[in-house]
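[1] Provide a 3D model corresponding to the input given below.
(chains A and B, ligands or ions: 2)
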Amino acid sequence: MSAPAPDTVAGLPGGAGPPVAETPRSHRGRWTPYLLLFPGVAWLLVFFVVPMAFLASQSLQQGSIETGYSVTWHIQTYGDALSAYSSQFIRSLVYAATATGLALLIGYPLAYAIAFKVGRWKNVLLVLVIAPFFTSFLIRTLAWQTILSTQGPVYSIVNHTGLLAVLKWVHLVNSDQLLSTPFAVIMGLTYNFLPFMTLPLYASLERIDMRLLEAGNDLYASPFTAFRKVTWPLSMPGVVAGTLLTFIPAAGDYINSKLLGNPDTTMIGQVIDGEFLRVLDYPTAAALSFTLMVTIVIIVVAYIRRAGTEELV
Amino acid sequence: MTDASTEQVRSEPVSGRAAAGKATAAHGGGDLQMRSLTKRFGTFTAVDDLDLVIPQGSFFALLGPSGCGKTTTLRMVAGLEEPTAGTISIGAEDITATRPYKRPVNTVFQSYALFPHLDIFENVAFGLRRRGSKNIKQQVNEALELVELAQMGRRKPGQLSGGQQQRVALARAIVNRPSVLLLDEPLGALDLKLRRQMQIELKRIQTEVGLTFVHVTHDQEEAMTMADTIAVMNQGRIEQMGGPTDLYENPTTTFVANFLGQSNLVRAKVTSRGSDVLEVEAEGQAFTLPARRSFSDSDEIWFGVRPEKLSIGQGDAAEGLRGVITDTSFIGVSTQYLVRLPWGQEITAVRQNDGAPILRPGEQVTLTWDPRHAFALDASQDAHAGEDFGEGELLGSKG
Ligand SMILES: Nc1ncnc2c1ncn2[C@@H]1O[C@H](COP(=O)(O)OP(=O)(O)OP(=O)(O)O)[C@@H](O)[C@H]1O
Ligand SMILES: [Mg+2]
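    Ligands and ions are numbered 1, 2, ... in the order given. As a prediction, the model looks like this:
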């Protein structure tokens, strides 16, 4: 997934230079890139490529826990799994995309404010952004059960402002409660992955030279146009990184839908979890995992192409 | 003082004004005027009660030491800094409160501020696109040709050298044909040859298009060769303003006398004030100077002569100052001598290398000058004001 771009290697000293006399120095230089890459590549091999191959092989096996499994190239497992769980699959992608969109809407202004507007409160706010990480994912998600409960203030505000009716209308809420609804799951996802959105956004915004905006203003761009033509494109690396870091884990998440949703909000991660640990149908679980991964890779590649990272110097 | 010199600037004819008609500034023009313009940062006054009129179509240079408020002044004109007090207007229109993107003013930033995500072409096209111009491609290509970067249109700023980036910044501003173009040390990163070339180009563009240029520079030679009017700025104030020759020949303060070129200042006392000639006495010797070149009301004066106005003679002359050479620096076109006078003060004399033998330290010399070249400044000022800045490169170090 993160194979080094070939030109990175070529660009390093001695990588692809003209032939020079063999001196000890150039000899050592030639091996430097490989030495630097070794730990990362080894890590990827042991903890990513090997498990991936194992998973792929498992998805093509048949058998049972008692009799053992053997590779039979039973492609049908994929077809069966996908037709059985297509709705959970699509739902996962939709929920993850929605949560990513929301996180971007919340995270961008937040990161912008931290980068440019809050002065000396910058560090305090950054600590607050990552503060949720001090407690476990599980506990934070459980806390949302309390936050969204019908006795809580959020419910009464949403109810009294008529927001509940709106949420019902768009089918994010299907009963008279906030908990155990698609709304709750999406909120949980948004909340849990917001820091992964905010931090890369902050990092890329903070790097922007404010004098570029002045230059934009000087060249007849209103503050809004200057944002559109200068700030936004320059923050694209952060947007791409933030959305990926939010979307990818959100699409595979199974805690939020389990704790905040209902049987109709089941996401694919939950299904995989069940197949692996309760039903013990390893081939189906492996086939679903593999499909999810390939789908995400395809989405990510398409997205990066569209977002035009080659523009980002 | 300011107003008087303004009048003089106003009369400066701008050649090529007629040609300006075709490609002229898109916005209504007019003189750029600053009235009591002041900028304070906290308690620090960066620009102090500035009054300036820069006539439309003139090439105005703002010269001064680092930190004297040049950039701050430009930023206020561009609208990037809000004045603490005072007004700015172009022609009859007061633009003090106008948002920067609505001002008919463009800036070549000291830091270039090129957009790193856009290629060179798009950088230059930025202003044109915002205003929905026609023929963007042609205009941009012309501007790039002007700065000799026609082949670089598709490169990103990061792929250019510092000098090339600076020229892009220039093209990006000029292409908009603003009423007023603000240039904040736009040639600072260029090598000498390219700088001279760009100076000529800039001057040509300015006369052809008839834009008002406000040019900030550290390089006094640049200011003197290019500008119609130079303002010497010091600690947020305009110290003196005028045409290059006027400023150089008739400095009215010790700061200008030392900052623009070099000056030899000797303590003297006025002994008689005629209508044409002033008689003064310094260290027991009598000298004269033209009355109109005295800028002191008091009788305590600094008697000044520029180093290149001194002629160095050997042997005993009745006139002039005797001294001993203490240092000789060969510069190429000229040689600079440091001469110690009988009362211990060292002054500088510069002699063209016209073939005369170079004098060695220790030799006895007599310095003479045409009395018309002498000037007088008020002695209440520090004789060394403005000495530590600028200069140096132009005439070599003072040893
Ligand atoms: N935003 C600011 N806050 C506080 N002080 C400032 C600010 N901007 C400028 N100054 C101060 O105002 C003074 C004038 O600054 P300015 O940038 O105008 O100088 P300059 O003449 O352009 O100098 P240089 O030739 O080095 O570019 C300096 O002393 C500077 O420290
Ligand atoms: Mg400056």
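[2] how about chain A: which residue is closest to ligand 1?
    A:Met210 (11.4 Å; C-beta to the nearest ligand atom). From N, CA and C alone the C-beta is placed, and that goes for glycine too.
[3] was I right to think that residue contacts A:Phe116?
    Yes. Contact status for A:Met210 versus A:Phe116: in contact at 7.4 Å, counting by C-beta atoms under 8 Å.
[4] comparing those two, which shows the higher neighbour count?
    A:Phe116 (15 against 11; other C-beta atoms under 10 Å in any protein chain shown).
[5] domain map for chain B?
    B:3-242, B:262-381 (automatic domain parsing).
[6] of the ones you listed, which stretch is the most buried?
    domain B:3-242 (a mean of 19; mean count of other C-beta atoms under 10 Å in any protein chain shown).
[7] briefly note if that one comes near chain A.
    Yes. Interface with chain A: domain B:3-242 contributes B:78-80, B:99-102, B:105-107, B:109, B:111, B:113-117, B:126-127, B:130-131, B:156, B:158, B:172-173, B:176 (C-beta under 8 Å from any C-beta of the partner chain).
[8] near ligand 1, which residues of the stretch 51-200 of chain B?
    B:64, B:66-72, B:110 (C-beta under 6 Å from any ligand atom).
[9] among the residues you listed, which ones are in helices?
    B:70-72 (DSSP state H).
[10] need these in TSV with pLDDT, can you?
    Compiled in TSV, those are given as follows (pLDDT from 0 to 100):
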residue	pLDDT
B:Lys70	93
B:Thr71	93
B:Thr72	95
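[11] now, which of the residues you listed sits nearest B:Asn135?
    B:Thr71 (33.2 Å; C-beta to C-beta).
[12] for the closest residue to that closest one other than its chain neighbours, name its beta-bridge partners.
    Distances taken as C-beta to C-beta, 6 or more residues apart in numbering or on different chains place B:Asp184 nearest to B:Thr71, at 5.7 Å, with adjacent residues excluded. With DSSP bridges as the criterion, B:Asp184 is bridged to B:Val216.
[13] tell me the domain boundaries of chain A?
    A:6-26+A:75-307, A:31-74.
[14] state the mean pLDDT of the longest one.
    Within the predicted structure, the mean pLDDT of domain A:6-26+A:75-307 is 89.
[15] can you name the residue of the stretch 51-200 of chain A nearest chain B?
    Distances between the stretch 51-200 of chain A and chain B by C-beta to the nearest C-beta are smallest at A:Gly119, namely 15.3 Å.
[16] I'd like to know how many residues surround that residue.
    6.
[17] longest helix of chain A, counting residues only.
    Secondary structure assigned by DSSP H gives helix A:76-112 as the longest helix of chain A.
[18] for that helix, buried residues please.
    A:77-78, A:81, A:85, A:88-89, A:91-93, A:95-100, A:102-104, A:107-108, A:110-112 (16 or more other C-beta atoms under 10 Å in any protein chain shown).
[19] now do the strands in chain A.
    Secondary structure of chain A, counting by DSSP state E: strands at A:61-64, A:68-71.
[20] sorry, wrong one. I was asking about the stretch 201-350 of chain B.
    B:212-217, B:229-234, B:237-242, B:264-273, B:277-282, B:285-290, B:294-295, B:300-305, B:311-314, B:321-330, B:334-340, B:346-352 (DSSP state E, counting those that start in this stretch).
[21] likewise for the stretch 1-150 of chain B?
    B:32-41, B:44-54, B:59-63, B:85-90, B:93-94, B:105-108.
[22] low-confidence ranges, the stretch 201-350 of chain B, go.
    B:315-318 (pLDDT under 70).
[23] if we can go back for a sec, contacting residues for the residue nearest to B:Thr71?
    B:70-71, B:74, B:107-110, B:216 (C-beta atoms under 8 Å, 6 or more residues apart in numbering or on different chains).
[24] go again using 10 Å as the cut-off
    By C-beta atoms under 10 Å, 6 or more residues apart in numbering or on different chains, the contact list for B:Asp184 reads B:62, B:70-71, B:73-75, B:78, B:107-112, B:169, B:214-217.
[25] over to A:Leu142?
    A:135-136, A:255, A:259-260.
[26] hang on, the earlier thing: as CSV, the domains of chain B with distance to A:Thr284 would be great.
    CSV is the format used below for those (distance: least, C-beta to C-beta, whole Å):
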stretch, distance to A:Thr284
domain B:3-242, 46
domain B:262-381, 88
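[27] tell me which of the ones you listed lies nearest to A:Phe48.
    domain B:3-242 (32.6 Å).
[28] on that earlier part again, overlap in contacts, A:Met210 and A:Phe116.
    In contact with both A:Met210 and A:Phe116: A:Thr231, using C-beta under 10 Å, 6+ apart.
[29] just the CA trace of stretch B:261-269, in CSV.
    In CSV, the C-alpha atoms belonging to stretch B:261-269 read as follows (Å, rounded to 0.1, in the frame of the first residue of the first chain):
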residue,chain,number,x,y,z
GLY,B,261,26.8,58.9,-0.6
GLN,B,262,29.4,60.0,2.0
SER,B,263,30.1,63.5,3.4
ASN,B,264,33.0,65.1,5.2
LEU,B,265,31.6,67.2,8.0
VAL,B,266,33.8,69.6,9.9
ARG,B,267,32.6,71.7,12.8
ALA,B,268,32.5,75.4,11.9
LYS,B,269,31.1,78.8,13.0
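[30] tell me the contacts of B:Pro83?
    So B:Pro83 contacts B:34, B:36-40, B:47, B:50, B:72-73, B:75-77, B:96-97 (C-beta under 10 Å, 6+ apart).
[31] mind checking how far it is from B:Met76?
    Here the criterion is C-beta to C-beta, to the nearest Å. By it, B:Pro83 lies 5 Å from B:Met76.
[32] overlap in contacts, those two.
    Common neighbours of B:Pro83 and B:Met76 (C-beta under 10 Å, 6+ apart) are B:34, B:37-39, B:47, B:50, B:96.
[33] can you lay out those as TSV showing pLDDT and distance to A:Met52?
    Listed next are those as TSV, based on pLDDT from 0 to 100; distance: C-beta to C-beta, whole Å:
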residue	pLDDT	distance to A:Met52
B:Met34	95	69
B:Leu37	96	68
B:Thr38	96	68
B:Lys39	96	63
B:Val47	95	65
B:Leu50	93	70
B:Thr96	94	66
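[34] mind putting the ones in helices among the residues of the stretch 51-200 of chain B next to ligand 1 into JSON lines with distance to B:Val180?
    JSON lines is the format used below for these (distance: C-beta to C-beta, whole Å):
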{"residue": "B:Lys70", "distance to B:Val180": "15"}
{"residue": "B:Thr71", "distance to B:Val180": "16"}
{"residue": "B:Thr72", "distance to B:Val180": "16"}
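[35] returning to that earlier point: if you compare the strands of chain A, which one is most tucked away?
    On a mean-neighbour basis (criterion: mean count of other C-beta under 10 Å), the most buried of these is strand A:61-64, at a mean of 14.
[36] restricting to C-alpha, output that one in PDB.
    C-alpha atoms of strand A:61-64 as PDB (Å, rounded to 0.1, in the frame of the first residue of the first chain):
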ATOM      1  CA  GLN A  61     -11.000 -22.600   2.000                       C
ATOM      2  CA  GLN A  62     -13.900 -24.800   3.000                       C
ATOM      3  CA  GLY A  63     -14.400 -26.900   6.000                       C
ATOM      4  CA  SER A  64     -15.300 -26.500   9.600                       C
END
